[in-house]
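1. what would the 3D arrangement of this be:
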Amino acid sequence: MTLSAKMLDFATRSSWIRKMFEEGTKMKAQFGAENVFDFSLGNPDLPPPPEYMMAMNEVLAEEKPGVHGYMPNPGYPAVRKAVAAQISSEQNITIDETEMLMTCGAAGGLNVVMKALLNPGDEVIILAPFFVEYNFYVDNHGGVTKVVNTRSDFSLDLPAIEAALTPQTKALIFNSPNNPTGQIYTGEELAALGKLLIEAGKKFSSVIYLVADEPYRKIVYEGYRVPSVFMATPNTILVSSYSKDLSLPGERIGYIAVHPEATDKILLLGSMALANRILGFVNAPALMQRVVAKLQGAAVDNTIYAKRREVFCRILAEAGYEFVPPKGAFYLFPKAPIEDDVKFVSLLQEQKILAVPGRGFGMPGYFRLAFCVEDAVIERSAEAFKRAMAAAKA
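-> Residues are numbered from 1 along each chain as shown. Here you go, the predicted model:
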């Protein structure tokens with residue numbers, strides 16, 4: 001075999017979302033796009049906010065020698081200063097530009113963090129259901145993931161997390177608002193989790209970092225708020241991007257911020273700056289750094305997602321599905337009406353509905369629906385969901 005056996009195995013394990021997306025492309029060609037209900041891919045469909053084009057035009061007008069050249073690996077100091085001010089406002093703690101770096105999206109940021117933290121065999125706890133790529137990001141840098149399930153309402157199961165902690169635990173990654181459930185972990189939950197990690201660190205004479213993945217922070221509903229993760233423990237690393245709140249996923253622009261009182265902060269930041277370079281990112285895209293610096297606090301029109309959420313929840317409830325209404329992000333994660341989530345997703349596909357099996361997110365028995373699609377697609381799907389439920393019961 002000329003190819004990596006590990007990569008071939010990974011390709012099989014990571015294929016659910018892309019597989020369903022590709023199935024959707026075939027079905028649209030066969031039946032017509034208006035007759036297919038594709039909820040497979042979390043690709044934001046809203047336009048960026050109006051401020052985006054204004055900022056882009058301003059940046060393009062600033063052309064001068066060197067603006068497309070290399071800069072310090074953590075990013076332009078002025079850009080980091082602007083982003084740090086926004087993070088400070090959101091997290092209720094003051095950080096400065098020296099305590100953060102710009103990255104190639106949150107995915108690039110998480111890989112930078114793992115590269116800086118992990119020795120071979122170190123363990124990283126991830127919470128199911130989880131964003132499928134976490135397994136691969138940890139493995140990229142020699143780590144081992146330990147999966148801990150959340151509770152039935154997708155809140156934190158602190159006793160289960162405590163039981164999973166070992167002397168080899170280096171970090172815990174969590175995603176809030178969560179993909180695929182839309183759950184937001186409360187400030188009380190995060191405080192208890194932070195205390196748990198601090199006590200475990202003392203017990204094992206180690207440092208356990210809390211790594212928060214927050215690209216959906218600004219996409220929340222019904223007055224819910226995303227609490228400050230920096231209040232949980234000083235050993236917090238925040239990773240985020242502008243892919244979702246500015247609808248710029250293809251531009252690959254994000255950041256990492258480190259709590260001002262983190263253990264070994266200077267060494268950690270230096271290691272991450274080096275990792276940014278040697279992983280091949282070198283630095284975040286120069287043009288987009290300059291653009292997002294002008295867009296701090298801006299976001300897409302969240303009321304559009306809120307309306308879609310309301311309509312989708314009504315359709316699923318009327319069809320008899322069990323689900324926890326999402327507090328944030330743009331996903332629903334209903335329980336499959338039969339035990340085999342893959343089989344049920346195939347029943348949905350027979351009704352021209354594209355969904356992703358829950359086992360792709362580490363939780364069989366559920367399925368994910370992304371509602372970053374046109375309103376009409378959701379509204380037209382109602383009868384198809386009813387037919388799929390009837391087929392499952394039969």
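2. now do the buried residues in stretch 217-227.
-> With burial defined by 16 or more other CB atoms under 10 Å, the residues of stretch 217-227 counted as buried are 217, 218, 219, 220, 221, 226, 227. C-betas here are computed from N, CA, C, even on glycine.
3. for residue 241, state which of those is nearest.
-> Nearest to residue 241 among these, counting by CB to CB, is residue 217 at 10.1 Å.
4. tell me which element the closest one is part of?
-> Secondary structure assignment for residue 217, by DSSP states H and E: no helix or strand.
5. how close does it get to residue 352?
-> Distance from residue 217 to residue 352, counting by CB to CB, to the nearest Å: 34 Å.
6. how about the strands of the chain, start to end?
-> In the chain, the strands defined using DSSP state E lie at 37-38, 100-103, 123-128, 144-149, 169-175, 209-213, 236-241, 254-258, 331-332, 353-354, 356-357, 367-370.
7. nearest to residue 58 among those strands would be which one?
-> Residue 58 sits nearest to strand 100-103 of all the strands of the chain, at 18.5 Å, using CB to CB.
8. show me what that closest one is packed up against.
-> Where contact means 3 or more CB pairs under 8 Å, 6 or more residues apart in numbering; DSSP states H and E, strand 100-103 is packed against helix 77-91, helix 105-117, strand 254-258, helix 265-278.
9. for the last one, which positions count as buried?
-> Of the residues in helix 265-278, those scored as buried under the neighbour-count criterion (16+ other CB under 10 Å) are 265, 268, 269, 271, 272, 273, 275, 276, 277.
10. count of residues packed around residue 12?
-> Other residues near residue 12 number 9, with proximity taken as other CB atoms under 10 Å.
11. same question, residue 312
-> Taking other CB under 10 Å as the criterion, the count of residues near residue 312 is 27.
12. same deal with residue 18?
-> If we define neighbours as other CB under 10 Å, then residue 18 has 13 of them.
13. gap between the closest residue to residue 168 other than its chain neighbours and residue 153?
-> Leaving aside its chain neighbours, residue 168 sits nearest to residue 123 (4.5 Å; criterion: CB to CB, 6 or more residues apart in numbering). Counting by CB to CB, the gap from residue 123 to residue 153 is 26 Å.
14. now do residue 194
-> For residue 194, the distance to residue 153 (CB to CB) stands at 21 Å.
15. residue 348 too?
-> Noted for residue 348: a distance of 24 Å to residue 153, by CB to CB.
16. which residue of these two possesses the greater neighbour count?
-> A count of neighbours by other CB under 10 Å puts residue 348 above the other of residue 348 and residue 153, at 26 against 8.
17. follow-up on the earlier one: wait, the residue nearest to residue 168 touches residue 144, no?
-> Yes: when contacts are counted by CB atoms under 8 Å, residue 123 is listed as touching residue 144 (5.2 Å).
18. any common contacting residues for the two?
-> Here residue 123 and residue 144 have residue 168 as joint contacts, going by CB atoms under 8 Å, 6 or more residues apart in numbering.
19. those two: who's more crowded?
-> Set residue 123 next to residue 144 and count neighbours by other CB under 10 Å: residue 123 wins out with 20 against 15.
20. so who does the more buried one touch?
-> Per CB under 8 Å, 6+ apart, neighbours of residue 123: 143, 144, 145, 146, 166, 168, 169, 170.
21. need the residues you listed in JSON lines with pLDDT, can you?
-> Shown next, in JSON lines, are the contacts of residue 123 (pLDDT from 0 to 100):
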{"residue": "143", "pLDDT": "98"}
{"residue": "144", "pLDDT": "98"}
{"residue": "145", "pLDDT": "98"}
{"residue": "146", "pLDDT": "98"}
{"residue": "166", "pLDDT": "98"}
{"residue": "168", "pLDDT": "98"}
{"residue": "169", "pLDDT": "98"}
{"residue": "170", "pLDDT": "98"}
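22. where do the helices sit along this protein?
-> Assigned by DSSP state H, the chain shows helices spanning 5-13, 15-31, 50-61, 77-91, 105-117, 133-140, 158-164, 187-204, 265-278, 286-292, 302-318, 341-350, 375-380, 382-393.
23. report the inter-axis angle for the longest one versus strand 169-175.
-> To tie it back to what came earlier, the one meant is helix 187-204. Counting by axes from the mean of the first three to the mean of the last three CA atoms, to 10 degrees, helix 187-204 lies at 170 degrees to strand 169-175.
24. ditto for the last one
-> Here helix 382-393 runs at 130 degrees with respect to strand 169-175, directions being taken by the same axes, to 10 degrees.
25. next, the angle from helix 382-393 to helix 341-350.
-> Going by the same axes, to 10 degrees, helix 382-393 makes 140 degrees with helix 341-350.
26. relative to the whole chain's centre, how far out is helix 382-393?
-> Computed by CA atoms, centre = their mean, to the nearest Å, the separation of helix 382-393 from the middle of its chain amounts to 30 Å.
27. can you pull the buried residues of that helix?
-> For helix 382-393, burial by neighbour count (16+ other CB under 10 Å) applies to 382, 384, 385, 386, 387, 388, 389, 391, 392.
28. for the nearest residue to the fifth one once chain neighbours are set aside, what are its contacts?
-> The one in question is residue 387. Closest residue to residue 387 apart from its sequence neighbours, by CB to CB, 6+ apart: residue 351 at 5.1 Å. Shown in contact with residue 351 (CB under 8 Å, 6+ apart): 37, 384, 385, 387, 388, 391.
29. phi, psi for residue 351 please.
-> phi -100, psi 10 (degrees, to the nearest 10).
30. hang on, the earlier thing: please list only the buried members of the contacts of residue 123.
-> Taking 16+ other CB under 10 Å as the criterion, what is buried in the contacts of residue 123 is 143, 145, 146, 169, 170.
31. distance of the closest residue to the fourth one other than its chain neighbours relative to residue 146?
-> Okay, so that is residue 169. Spatially, and ignoring its direct neighbours in sequence, residue 169 is nearest to residue 123 (4.8 Å; CB to CB, 6+ apart). Going from residue 123 to residue 146 by CB to CB gives 5 Å.
32. overlap of the contact sets of the two?
-> By CB under 8 Å, 6+ apart, residue 123 and residue 146 have these common neighbours: residue 169.
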